[in-house]
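[1] A predicted structure for the sequence below; I have some questions about it.
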Amino acid sequence: MTPHESLRAALVQAAARIGASAADVALERPRDAAHGDVATNLALLLAKQLGQKPRAVAERLVAALELPAGLIRKTDIAGPGFINFFLADAQVVGALPAILAAGPDYGRSDAGHGAPVNVEFVSANPTGPLHVGHGRQAALGDAIAALLEWTGWRVSREFYYNDAGGQIMNLALSVQARVRQARGLPAEIPEQGYQGDYIRELAERYVAEHPRDLEGADVEAVRRFAVRELRAEQDRDLQAFGVTFDVYYLESSLYTDGKVDETMRRLVAAGHVYERDGALWLKTTDFGDDKDRVMKKSAEKGSDYTYFVPDVAYHVTKWERGFRHAINVQGADHHGTVARVRIGLQALEMGIPPEYPEYVLHQMVTVMRGGEAAKLSKRAGSYVTVGELVEEVGRDAVRYFYLMRRGETHFVFDVDLAKSQTDENPVFYVQMAHARMTGIFRVAGRDPASVRADGIDLTVLTQPEEAELIKELADFPAMIAGAAAAREPHRITGYLEGLARLAHAWYHKYRVLGEPEEAARLVLARAVRQVLANGLTLLGIRAPDRM
RNA sequence: GCGCCAGUAGCUCAGCUGGAUAGAGCGUCGGCCUCCGGAGCCGAAGGUCCCGCGUUCGAAUCGCGGCUGGCGCACCA
């Protein structure tokens, strides 16, 4: 039993003794060390239930409390009725052996019980290279997936390729136009087509590899070639970024497998479909949408499905593949589709919960270069790609930058700053803390893994900085669990910076080697190193032994 | 017009799902290198938490109404 569990149990019993029922006792670590190590607002919550003043309730609770021996050094009642507990010294250092024993697994838990969860992210159309917005999504999605793995879920990382539909035809026609222009033939890129230099390069490579179609007459071949090449380029960028997927799901397969037609049939059968102006509509207003949506275009527009039906069909496959939990990481510019996909699934009336799938939306990324915002437009062909960014800035810094902000806030990626690789970059600060801890063992001529906690008197770690450091280490698993539940990887970077700060301060103020406390401090140094490494590794960032 | 997100120190942002005196980095000012790495450490200044009303023991956090900025509101995806 951890100190928290013991305390919680004791408080529940004490509440019962004074005639109150406390189902869920909240314990928190106060900001201010003067308020103890663990605090509860239980008395404030029970005051209403008992019809008594909070402080009086707190006093009765404390009087009724039966605590295990050696757990708590001091109990205070403070402020409006908080009960503050000060852990006994032996309890504080007691966290260290557990950290060393768990090693690389310290911080893992089992909230997910091995249940499958699908995390879909990036899902860029194969119409161009990955830009900085996709980069944010790659970092965010991969970190959320890792967080879920750390908390006991069986995660499948999935990339959905929109390799069918109008945008792909646009791409093919754009490349085709460049092929023809290169031959001196009259050709224009379509109005909604793609303009970037990469289109010209694709055209050159197409001609080089298709000597029998030098004029790009075979638009289907051009399409296949362009999609294949762009997918390969995206894969290279993702690989450089250290992101891999378990499943690449192709939109085109939804057509070839009949999933789109099947979904269409089900929607019609469920009775929410009608025809108007020659098109087929889904009555999404039945489910709270502000207007109905077209599912299949009219004959004059080509009789194609809109994106809506394949999107719904795709999410049906997630459900049918056994994923009762699905998380979609997407840019906020797609937020309009959230309600529609969910409504489409509801209209099928096949028992899928209304909040399925779950969405994590992140705001846009602005790229700053030379002090001004770079114009980003895929069609105009001006953007910074993920590949360039990783090459210029380095994988670790790029990942860290992307993850240090909440997804809901607009993110300004300052390329110059990130490239500068100076002390302004927090990732170096955290990595430096890890390198320093490692340095102690290097100088001592010892393998960190050889340092064990058993048989070592840890109660000599009496300095306030040491107690604070250990408490921070003890918080790691709860922080991970909270970050996973909230889908907020930025909590990890914030935690790591705080831990690194404490580690640097401790390192600066106290020596390890040659001191009477050497054995115990080596245990602490190894624990700090381990937790820094675990946090960085989770985020896909290296934990270097030297800088 | 409707919807989603944001608004906190000069700048960039945290604030653990309603807690105690709102925090950190950068920048500014002032200190600290015979040392396990100074890519570091210690300290100071700096706040109308966008505004107003409400909910309650308690609000940056929740509700309502505004203001400002971003993004969406296709027979594009």
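    Happy to help now that I have it.

[2] what does the stretch 151-300 of chain A put close to RNA strand B?
    Contact residues (C-beta under 7 Å from any atom of the strand) of the stretch 151-300 of chain A with RNA strand B: A:162, A:164-167, A:251, A:276-279, A:290-291, A:294, A:297-298, A:300. (Glycine included, C-beta is placed from N, CA and C.)

[3] same thing but at 10 Å, please
    Neighbours of RNA strand B within the stretch 151-300 of chain A, by C-beta under 10 Å from any atom of the strand: A:160-170, A:192, A:251, A:275-281, A:289-300.

[4] using PyMOL, define a selection of the buried residues within those residues.
    To isolate the buried members of those in PyMOL, using 16 or more other C-beta atoms under 10 Å:
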select buried, chain A and resi 160+161+162+163+164+165+167+168+170+251+279+280+281+292+293+294+295+296
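
[5] in strands, which of the residues of the stretch 151-300 of chain A next to RNA strand B fall?
    A:160-161, A:275-276, A:279-281, A:293-296 (DSSP state E).

[6] could you look up the SS state of A:Ala484?
    Classification of A:Ala484 by DSSP: H, G, I helix; E, B strand; the rest coil places it in helix.

[7] what ranges do the strands span in the stretch 201-350 of chain A?
    A:247-250, A:273-276, A:279-282, A:293-296, A:325-331 (DSSP state E, counting those that start in this stretch).

[8] output those as a markdown table; include the columns mean pLDDT.
    Formatted as a markdown table, the strands of the stretch 201-350 of chain A follow (pLDDT from 0 to 100):
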| stretch | mean pLDDT |
| --- | --- |
| strand A:247-250 | 95 |
| strand A:273-276 | 93 |
| strand A:279-282 | 94 |
| strand A:293-296 | 93 |
| strand A:325-331 | 95 |
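
[9] distance to A:Ala525 added to those, as TSV?
    Listed next are these as TSV, based on distance: least, C-beta to C-beta, whole Å:
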stretch	distance to A:Ala525
strand A:247-250	41
strand A:273-276	66
strand A:279-282	61
strand A:293-296	60
strand A:325-331	37
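
[10] which one of these lies closest to A:Glu209?
    With C-beta to C-beta as the criterion, A:Glu209 lies closest to strand A:247-250 of the strands of the stretch 201-350 of chain A, at 22.1 Å.

[11] buried sites along that closest one?
    For strand A:247-250, by 16+ other C-beta under 10 Å, it's A:249-250.

[12] touching the helix or strand where A:Ala10 lies from outside, list them.
    Element membership of A:Ala10, judged by DSSP states H and E, is helix A:3-17. By C-beta atoms under 8 Å, 6 or more residues apart in numbering, the surrounding residues in contact with helix A:3-17 are A:1, A:21-22, A:25, A:27, A:38, A:40, A:42, A:46, A:61-62, A:64-68, A:71-72, A:85, A:87, A:91, A:94.

[13] for RNA strand B, tell me which of the residues you listed show up nearby.
    When contact is defined as C-beta under 10 Å from any atom of the strand, the contacts of helix A:3-17 meet RNA strand B at A:27, A:38, A:40, A:42, A:46, A:85.

[14] who touches the third one in this structure?
    Spelled out, that is A:Thr40. A:7, A:11, A:25-28, A:82-83, A:85.

[15] next, work out how far apart it and A:Val57 are.
    12 Å (C-beta to C-beta, to the nearest Å).

[16] ok, A:Leu345 to RNA strand B distance?
    Going from A:Leu345 to RNA strand B by C-beta to the nearest atom of the strand, to the nearest Å gives 16 Å.

[17] should've said A:Lys419
    From A:Lys419 over to RNA strand B (counting by C-beta to the nearest atom of the strand), the distance is 13 Å.

[18] got it, and A:Ala124?
    In terms of C-beta to the nearest atom of the strand, A:Ala124 sits 10 Å off from RNA strand B.

[19] which element, helix or strand, includes the closest residue in space to that residue that isn't next to it in sequence?
    Leaving aside its chain neighbours, A:Ala124 sits nearest to A:His134 (5.1 Å; criterion: C-beta to C-beta, 6 or more residues apart in numbering). Using DSSP H and E, A:His134 sits within helix A:132-150.
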